[in-house]
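Undergrad: got a predicted model here, sequence first, then my questions.
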Amino acid sequence: MDLKGRLKLIADMTPPCDVVCDIGTDHAYIPIYLVMNKRCKRAVASDVRKGPIRVADKNIEKYGLENYIDTRVGDGLETLKDGEEDIIIIAGMGGLIISGIMEKGFDTAKKANLLLIQPMNSIELVRKWLYENGFDICDERLCREERRIYNVLAAKWTGSVQKKEEIYYYIGEKLFENRDELLESYIQNKLRQLNKIIVEMEKMNDKNSDLRLKNESIRDGLSRLLRDYQEELRRGFDEQNK
């Protein structure tokens, strides 16, 4: 089985482990791939809906992995048993839903050796929740799938609550540390989205609302980060070519 885009990035960021738990597994592609490539000894594929689990069961049977992958229907982290909190993947859902899953299953999330999180939107809610609840984001990477850029966060609980500058809930610090090759494009996309929202608010004469002022502040912060990052890259390039 071959994976592409965001699913391949999630798999690439999964370290060798005993158990992978894929929450919201859909077709169980990630657990199948990880077991087949001996990245984990066994896996749990969980989804809140019965339909995706039926599809997952067929895919698992197709690859002869019934003895290595358990499927379960249930809500979030409630499907996991004691001792299965090794690597937990929560992917393909909105940031608000993901934050709610971690909040509801907080004790389970704390025990995980690593959380791999891939929000489809509102990633700032996820970063903020993690930092405010004692989790550290130890890695973050980007990938392009068709016309969209996706984030994957790697986090683990340390018990140390952190408060970040607001802008770093929108753009992860690890992306700058890693000098991710898609970072400039990612920030530019964010700026285009914010400018579109601000223009629409202007058309509605919504000039002084808290939301508009917040969007403008985020836009200005992103612009500053982009300029600083581009200047840092230019200095590095110039030093290499002296």
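TA: Received it, and whenever you're ready, just let me know what you need.
Undergrad: so which residues of the protein form strands?
TA: Using DSSP state E, the strands found in the chain span residues 17-23, 40-47, 69-73, 87-93, 114-119, 135-145, 148-157.
Undergrad: which one is residue 186 nearest to, not counting chain neighbours?
TA: Excluding its sequence neighbours, the residue lying closest to residue 186 (Cβ to Cβ, 6 or more residues apart in numbering) is residue 149, at 5.0 Å. In this view, the C-beta of every residue, glycine as well, is placed from N, C-alpha and C.
Undergrad: where in the protein is pLDDT low?
TA: Scanning the chain for pLDDT under 70 picks out 206-208, 237-242.
Undergrad: could you chop it up by domain?
TA: 5-163, 183-240 (automatic domain parsing).
Undergrad: show me what contacts the residue nearest the centre of the chain?
TA: With distances taken as Cα atoms, centre = their mean, residue 118 lies nearest the centre of the chain, 2.6 Å away. Contacts for residue 118 were tallied using Cβ atoms under 8 Å, 6 or more residues apart in numbering; they are 6, 9-10, 89-92, 150-153.
Undergrad: JSON lines for the residues you listed, including neighbour count and distance to residue 133?
TA: Converted to JSON lines, the contacts of residue 118 look like this (neighbours: other Cβ atoms under 10 Å; distance: Cβ to Cβ, whole Å):
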{"residue": "6", "neighbour count": "21", "distance to residue 133": "24"}
{"residue": "9", "neighbour count": "22", "distance to residue 133": "24"}
{"residue": "10", "neighbour count": "26", "distance to residue 133": "22"}
{"residue": "89", "neighbour count": "30", "distance to residue 133": "19"}
{"residue": "90", "neighbour count": "25", "distance to residue 133": "14"}
{"residue": "91", "neighbour count": "22", "distance to residue 133": "19"}
{"residue": "92", "neighbour count": "20", "distance to residue 133": "22"}
{"residue": "150", "neighbour count": "22", "distance to residue 133": "23"}
{"residue": "151", "neighbour count": "24", "distance to residue 133": "19"}
{"residue": "152", "neighbour count": "23", "distance to residue 133": "19"}
{"residue": "153", "neighbour count": "24", "distance to residue 133": "14"}
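Undergrad: can you pull out the helices in this protein?
TA: According to DSSP state H, the chain carries its helices in the segments 5-12, 29-36, 50-62, 95-104, 106-111, 123-132, 167-170, 173-177, 183-203, 210-240.
Undergrad: dump the ones you listed to a markdown table, plus distance to residue 73.
TA: Listed next are these as a markdown table, based on distance: least, Cβ to Cβ, whole Å:
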| stretch | distance to residue 73 |
| --- | --- |
| helix 5-12 | 21 |
| helix 29-36 | 15 |
| helix 50-62 | 5 |
| helix 95-104 | 15 |
| helix 106-111 | 17 |
| helix 123-132 | 24 |
| helix 167-170 | 33 |
| helix 173-177 | 34 |
| helix 183-203 | 35 |
| helix 210-240 | 38 |
